[in-house]
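Undergrad: With the sequence up front, the predicted model follows.
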Amino acid sequence: MSIDKAQLAQRLSREAFYVTQEKGTERPFTGEYNDHWEAGDYHCVCCDARLFTQAHKFNAGCGWPSFFEQTDDSNVVFREDNSHGMVRTEIVCKHCDAHLGHVFDDGPAPTGQRYCVNSVSLSFK
């Protein structure tokens with residue numbers, strides 16, 4: 001899916017555009033969904049693909065919404081990220097290539113993964 005960046009810039013907040021299109025990061029503990037526990041699903045703010053569900057969310061204490069796995073739809077893809085002098089795994093939306101955050105191997109069972117996601121890259125339904 002091709003997303004028109006000019007249309008996104010008009011539709012998204014400045015911070016959401018920066019995070020999703022320029023691989024930015026919101027400040028920890030400031031995101032709308034960091035301490036959000038309502039039942040439902042988290043979607044890509046750019047293309048509306050279903051990415052995560054509240055049933056897989058946990059409190060990692062890191063300042064960003066954290067999930068131990070993505071939805072069954074496998075809408076999150078992984079890319080090597082060597083920015084900022086670190087080696088990390090970036091997570092992006094499979095459908096529109098929006099930057100979501102990073103995944104780490106320090107999460108809870110059953111996966112042992114922590115999908116650390118910027119709130120501004122998500123919408124909730």
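TA: Yes, it's here.
Undergrad: Show me which helix runs longest in this structure.
TA: Of all the elements of type helix in the chain, the one with the most residues (DSSP state H) is helix 14-22.
Undergrad: Show me which residues of that helix are buried.
TA: For helix 14-22, a neighbour-count test (16 or more other Cβ atoms under 10 Å) marks 15-21 as buried. For the C-beta atoms, the positions are set from N, CA and C on the backbone; glycine is no exception.
Undergrad: Okay, helices next: where are they in this protein?
TA: Using DSSP H, the helices of the chain run over 5-11, 14-22.
Undergrad: sorry, back to before: which one among the buried residues of helix 14-22 gets closest to residue 60?
TA: Top of the list for closeness to residue 60, among those and by Cβ to Cβ, is residue 19 at 18.3 Å.
Undergrad: what residue ranges in this structure score low on pLDDT?
TA: Of all residues in the chain, those with pLDDT under 70 make up the ranges 1-2.
Undergrad: all strands of it, in order?
TA: In the chain, strands defined by DSSP state E lie at 41-44, 50-53, 57-58, 66-67, 76-81, 88-93, 99-104, 114-117, 122-124, listed in chain order.
Undergrad: Just say which of those strands is most tucked in.
TA: Greatest average neighbour count among the strands of the chain goes to strand 66-67 (a mean of 26), per mean count of other Cβ atoms under 10 Å.
Undergrad: circling back: between the helices of the chain, which gets nearest to residue 103?
TA: Closest to residue 103 of these is helix 14-22 (Cβ to Cβ; 15.9 Å).
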